[in-house]
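*Asks:* Dropping the sequence and predicted coords here.
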Amino acid sequence: MNINQKIFVAFGFLSHALSGMQVMADTLHFDETQIEGSKFQFDNADAVKPEPNDFELLNYSLLSSESGERWAIITIENTSAGRRILKNEHVVATFANGNRSRAISLNERFKPGEVITRAVSFSHHPFPIVSVDVKPE
């Protein structure tokens, strides 16, 4: 069997396997831009807040999907003179209903003064993200 025949057979098996499954793409879209300087005063009953750190949030843009995936593209600066690691507990999102959530799967090494932009997941939530913070209140 030559390579073209192998590809055709593999594609046939894949097509057959997927025929019984509903395949659905979950595309992320940018959320509407927030008004500059808007502040929200939700109660923080669950006391979720960023752990003390040496990072400064320079910018963020919010993304979500139809199924409720919540993401943020964040630009962060290490303001320390030493190396630092940005972890989940340093970045907190606030949702439109006031709930808060820490980032997921974040473990970025920063050199002193380094600025990095990353896409960060906040899992699924029925409400969109309204703000992202790295400094405790």
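*Replies:* Right, received. Where do you want to start? Numbering: from 1, shown residues only.
*Asks:* any idea how far the closest residue to residue 54 other than its chain neighbours is from residue 57?
*Replies:* With sequence-adjacent residues excluded and distances taken as C-beta to C-beta, 6 or more residues apart in numbering, residue 54 is closest to residue 80, at 3.7 Å. Glycine gets a C-beta too; all of them are placed from N, C-alpha and C. Residue 80 sits at a distance of 15 Å from residue 57 (criterion: C-beta to C-beta, to the nearest Å).
*Asks:* among the helices and strands of the protein, which has the poorest mean pLDDT?
*Replies:* Lowest mean confidence among the helices and strands of the chain (mean pLDDT, DSSP states H and E): helix 3-19, at a mean of 42.
*Asks:* Isn't residue 55 up against residue 90?
*Replies:* Yes: counting by C-beta atoms under 8 Å, residue 90 is a contact partner of residue 55 at 6.1 Å.
*Asks:* gap between the residue nearest to residue 54 and residue 112?
*Replies:* Taken as C-beta to C-beta, the span from residue 80 to residue 112 is 6 Å.
*Asks:* Count the residues that sit near residue 115.
*Replies:* Number of residues near residue 115 (other C-beta atoms under 10 Å) recorded here: 13.
*Asks:* okay, it: pLDDT?
*Replies:* Looking at residue 115, its pLDDT is 97.
*Asks:* Where does the closest residue to it other than its chain neighbours sit, in terms of helix or strand?
*Replies:* Distances taken as C-beta to C-beta, 6+ apart place residue 77 nearest to residue 115, at 4.6 Å, with adjacent residues excluded. Using DSSP states H and E, residue 77 sits within strand 69-78.
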